[in-house]
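Peer 1: sequence-free structure coming up:
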């Protein structure tokens, strides 16, 4: 992936710009999540910086691997998205530690990408009286045609709104199941507490590959041949 970021001053003039390229490799996977290796290169003010590769753990249900409460099903509902009626399970989870309480609510549909059609996460102090961060991610269009490198694929368009006391972030994202990690591109803007634009960024997919264990990878049209990426199962507690 390649990401461009511009920082703006009080007059809206670009004061700095950077480009970040990230290569993400799947290291391991199990029923609940996966381990990824990140290799990051940043270009800033004409200089290039290469970070040491690092590994991160990602849970399929979005929970923190170090403190998991598990999702529980609390109901069902039907969504009408783009003229298509979708039956969703409503899932909830709450994680509390010494500093924060994180409550998540998901609308999950197992028949259409991106499967989690809406996720609302609210982070508060432990007693729940002070909101520290609120994030809403929702699908605004599904099964849309999208050019992914040299191929036309089906993709979903997602909108993310993240609000904090000191500002907010708005992101529009294109997600495709056939791409590892799902993200094809996104655009994002950051506003300060007064609503003034302070940062803007875009991200695009440069290349991807999924190894087929039955044969050696073969390049075609700039891409490796790849098998369809399977969706992870969301495990819930009754």
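Peer 2: Sure thing, it's come through. Predicted, not measured: the structure shown is a model, and the values here were computed from it.
Peer 1: Point out where this protein drops to low pLDDT.
Peer 2: Applying pLDDT under 70 to the chain picks out residues 61-69, 211-238.
Peer 1: any idea how far the residue sitting nearest the centre point of it lies from residue 204?
Peer 2: With distances taken as C-alpha atoms, centre = their mean, the residue of the chain nearest its centroid is residue 183 (7.0 Å). Using C-beta to C-beta, to the nearest Å, one obtains 9 Å as the distance from residue 183 to residue 204. To be clear about C-beta, it is placed using only N, CA and C from the backbone, and glycine gets the same treatment.
Peer 1: where do the contact lists of these two overlap?
Peer 2: Shared contacts of residue 183 and residue 204 (C-beta atoms under 8 Å, 6 or more residues apart in numbering): residue 1.
Peer 1: quick one on the thing from earlier: surely the residue nearest to the centre of the chain is in contact with residue 174?
Peer 2: Yes: using C-beta atoms under 8 Å, residue 183 is in contact with residue 174, at 7.4 Å.
Peer 1: what's the single longest strand in this protein?
Peer 2: Taking DSSP state E as the criterion, the chain has its longest strand at strand 131-148.
Peer 1: right, and the helix or strand after that strand?
Peer 2: strand 151-164 (DSSP states H and E).
Peer 1: Run through the bridge partners of residue 190.
Peer 2: Note on residue 190: beta-bridge partners by DSSP bridges are residue 169, residue 199.
Peer 1: quick one, what contacts it?
Peer 2: Residue 190 neighbours (C-beta under 8 Å, 6+ apart): 167, 168, 169, 197, 198, 199, 200.
Peer 1: Pipe those into TSV and attach neighbour count and distance to residue 127 per row.
Peer 2: Listed next are the contacts of residue 190 as TSV, based on neighbours: other C-beta atoms under 10 Å; distance: C-beta to C-beta, whole Å:
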residue	neighbour count	distance to residue 127
167	16	24
168	16	24
169	16	26
197	12	34
198	17	31
199	16	32
200	15	36
